[in-house]
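Student: sharing a model prediction with you, sequence too.
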Amino acid sequence: MNNCHPKSFSVLRHFCNLVCFVSVFQSLSQAQPLTDAAETLSIQSRSFHLSVPEQPDLKGGHLQGVQLFNGTLLVSGSSEQFGYLCVFQQMGNTFHYLGLKPLAQFPLNHAGGFQLAENWLAIGLEDPRSKRRSVVQLIDVSSFKTISAPPAYSLQREGDAKMSTAGAVALLKRKDHFLLAVGTWDCTTIDLYRSNGTDPYAEGFDFQLWTHWDSREAIRKDWTTKEFGSYQNLQLSEDSTGIYLTGFGRAKNDTDMADVFLLHTELNAYRLVQKTGSYTVQCKGEVSFRNGAGFAIFDGVPSIIAVGHNLCPKTEVQVFPVKRK
């Protein structure tokens, strides 16, 4: 199920040196991600229209995740047959399609929002029909060889309908462990896992469930606003003030929102998550936080990146620089 089809990377073989990934996302992980909740980023957005060869086996499905680092663009998507990652490389003023990596076959054909932590990519693939099963994969993106290989680690999830999916996954590397956040259907609940180390290749490496948070039971007294969205992408970050979880989604008024939550790890599950602010972003055309969005470094500037709904024959990516006070 997790093996990559060799033909899917026929183009990538010519760009091995370009996909020796060195993460720059870590610099975003050292500060609270969104510090000015009043700023709208629509005016300064930059758009890229990317051509992708037509591929008959990509019928159905949609895009749902995007990350950018060191000039390499990754987007996740689903089809009737499998979930996948698509790889682009920045060349000049645009990005060029390199290849496709199938991740999991039907019924785990729905690939969700994902995050990079240094050279580790964490992504969930779920069964969108039964909504009772998913797998979270850790993929080493430090070289062509590792990205084309099977996942270094897989976390199997199975249980009640809508409670065992993995449509939005976030990953944070800390001093001696990884923190993994897995959002269930529409992120109604979030499962938080801790690893027993920082080397997924090590014998015995594993994630254990740390706590389960239910948005329907959360105490929202100290939240900046009481709303909790249907987030399609989650991102973890950390600074001296704590660990933050940012959810990306589209509000009821068709506004693209990035909501920032502080994790009170010392409190009980009802007060674990506190909303501390929101960012409003006006995406254009088919690009939306409902598809895929996340943090990135673009031209040396901390940014938000978002992607369109479809991969073929063209997909659009927009980048919004985040200004600091």
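Tutor: Arrived safely. Numbering: from 1, shown residues only.

Student: only C-alpha atoms for contact and neighbour calcs from this point on.
Tutor: OK.

Student: middle-most residue in this protein, spatially?
Tutor: Centroid check for the chain by C-alpha atoms, centre = their mean gives F114 as the closest residue, at 2.1 Å.

Student: and the gap between that residue and G197?
Tutor: 20 Å (C-alpha to C-alpha, to the nearest Å).

Student: helix, strand, or coil at D259?
Tutor: Here D259 is recorded as strand under DSSP: H, G, I helix; E, B strand; the rest coil.

Student: let me know how buried the nearest residue to it once chain neighbours are set aside is, in neighbour terms.
Tutor: The shortest distance from D259 to any non-neighbouring residue, by C-alpha to C-alpha, 6 or more residues apart in numbering, is to S278 (4.3 Å). As a burial measure, S278 scores 22 neighbours (other C-alpha atoms under 10 Å).

Student: tell me which element S278 is part of?
Tutor: Assigned by DSSP states H and E, S278 belongs to strand 273-281.

Student: and for I147?
Tutor: I147 belongs to helix 144-148 when assigned by DSSP H and E.

Student: double-check G197 against F205; I have them as touching.
Tutor: Yes - applying C-alpha atoms under 8 Å as the test, G197 and F205 come out as touching, 6.5 Å apart.

Student: following the longest strand anywhere in the chain, which helix or strand shows up next?
Tutor: With secondary structure taken from DSSP state E, the chain has its longest strand at strand 94-105. Scanning forward in sequence from strand 94-105 by DSSP H and E, the next helix or strand is strand 110-117.

Student: what's the angle from that following strand to strand 94-105?
Tutor: On the basis of axes from the mean of the first three to the mean of the last three C-alpha atoms, to 10 degrees, strand 110-117 is oriented at 120 degrees to strand 94-105.

Student: how far off centre is strand 110-117?
Tutor: Its chain's average C-alpha position is 3 Å from that of strand 110-117, according to C-alpha atoms, centre = their mean, to the nearest Å.

Student: what's the average pLDDT for it?
Tutor: Across strand 110-117, pLDDT averages out at 96.

Student: ok, residues contacting that strand?
Tutor: For strand 110-117, the surrounding residues in contact (C-alpha atoms under 8 Å, 6 or more residues apart in numbering) are 23, 25-26, 61, 64-67, 76-79, 82-84, 121-128, 166-173, 232-235, 292-294.

Student: immediately after it, which helix or strand?
Tutor: As assigned by DSSP H and E, the chain's next helix or strand after strand 110-117 is strand 120-126.

Student: could you look up the next helix or strand downstream of that following strand?
Tutor: strand 133-140.

Student: could you list the buried residues of that following strand?
Tutor: Buried residues in strand 133-140, counting neighbours by 16 or more other C-alpha atoms under 10 Å, are found at R133, S134, V135, V136, Q137, L138, I139, D140.

Student: before we move on, what about stretch 224-234?
Tutor: In stretch 224-234, counting by 16+ other C-alpha under 10 Å, buried: F228, G229, S230, Y231, Q232, N233, L234.

Student: which one of those residues is nearest H177?
Tutor: L234 (18.8 Å; C-alpha to C-alpha).

Student: least confident pick among the buried residues of strand 133-140?
Tutor: D140 (93).

Student: for the nearest residue to it once chain neighbours are set aside, give me its contacts.
Tutor: Nearest residue to D140, sequence neighbours excluded (C-alpha to C-alpha, 6+ apart): W120, at 5.0 Å. The contact partners of W120, by C-alpha under 8 Å, 6+ apart, come to L138, I139, D140, V141, S142.

Student: grab the two from those residues that are most spread out in space.
Tutor: Farthest pair in these (C-alpha to C-alpha) is L138 and S142. Separation: 12.2 Å.

Student: tell me the one among the buried residues of stretch 224-234 nearest to P56.
Tutor: Distances from P56 to these, taken by C-alpha to C-alpha, are shortest for Q232, at 26.0 Å.

Student: per-residue confidence for that closest one?
Tutor: You'll see Q232 listed with a pLDDT of 94.

Student: so what's it up against?
Tutor: Shown in contact with Q232 (C-alpha under 8 Å, 6+ apart): 64-65, 112-113, 167-168, 186-187, 247-249, 289-292.

Student: now with 6 Å, please.
Tutor: Counting by C-alpha atoms under 6 Å, 6 or more residues apart in numbering, Q232 makes contact with A168, G249, R290.

Student: go on, Q274?
Tutor: For Q274, the contacting residues are W223, F261, L262, by C-alpha under 6 Å, 6+ apart.

Student: hmm, back to that, tell me the buried residues in the helix holding I147?
Tutor: Buried residues in helix 144-148, counted by 16+ other C-alpha under 10 Å: F144, I147, S148.

Student: now do stretch 126-134
Tutor: Neighbour-count burial for stretch 126-134 flags E126, D127, P128, K131, R132, R133, S134 (criterion: 16+ other C-alpha under 10 Å).

Student: okay, G197 and F205: which has more neighbours?
Tutor: The residue with more neighbours, out of G197 and F205, is G197; 17 against 14, by other C-alpha under 10 Å.

Student: so that one makes contact with H177?
Tutor: Yes - in this structure, G197 is within contact of H177 by C-alpha atoms under 6 Å, at 4.6 Å.
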